[in-house]
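# Structure here, sequence nowhere to be found:
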């Protein structure tokens, strides 16, 4: 039993020390989204949906919850955000080619329509990100419209 107590104590000490270390935060500014917003021109209700359901993981602007201060949760969240940005980063929209923008908009409205986005693991702790069918429809209609605009631009080149 003494060995078990020592192991538990060692684990507790490691967890306590680890609280002083954490990954860099993804805390850019909202201006990094200006290009995406001005180019895609989402209606106010769609912008609100994007802000509440997408930007935390798919931009350089993450609003961290209180539990991000707990290690190892902060490392898990950091990997989640990095993975989201790898697939789509609205803050880097100006660096995407027309073809890539068209493709990303296609993926955006398809993933939302199939209810694959936002992820369940995100909506468990961000209830405001749970999309109603009406909100899904708004995103899909807007996304298809923006995609069609990019497609038209590609075809006229």
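Yes, it's here. Since we're looking at a predicted model, the values are computed, not measured.
# Now the residue nearest the centre of the chain: closest residue in space, sequence neighbours ignored.
Nearest to the mean C-alpha position of the chain, by Cα atoms, centre = their mean, lies residue 57 at 1.8 Å. Nearest non-adjacent residue to residue 57, counting by Cβ to Cβ, 6 or more residues apart in numbering: residue 84, 3.2 Å away. C-beta coordinates here come from the backbone N, C-alpha and C atoms, glycine included.
# cool, and residue 52?
Spatial nearest neighbour of residue 52, excluding adjacent residues (Cβ to Cβ, 6+ apart): residue 128 at 4.8 Å.
# returning to that earlier point: just confirm the residue nearest to residue 57 is within a strand.
No: Residue 84: not assigned to a strand; according to DSSP: H, G, I helix; E, B strand; the rest coil it is helix.
# now residue 36: how far from residue 48?
From residue 36 across to residue 48, the span is 15 Å (Cβ to Cβ, to the nearest Å).
# So for those two, which residue has more residues nearby?
Of the pair residue 36 and residue 48, residue 36 is the one with more neighbours under other Cβ atoms under 10 Å, namely 22 against 14.
# check contacts around the residue lying closest to that one once chain neighbours are set aside.
Spatial nearest neighbour of residue 36, chain neighbours left out: residue 93 (3.9 Å); criterion: Cβ to Cβ, 6+ apart. Contact analysis of residue 93 by Cβ atoms under 8 Å, 6 or more residues apart in numbering lists 35, 36, 39, 40, 101.
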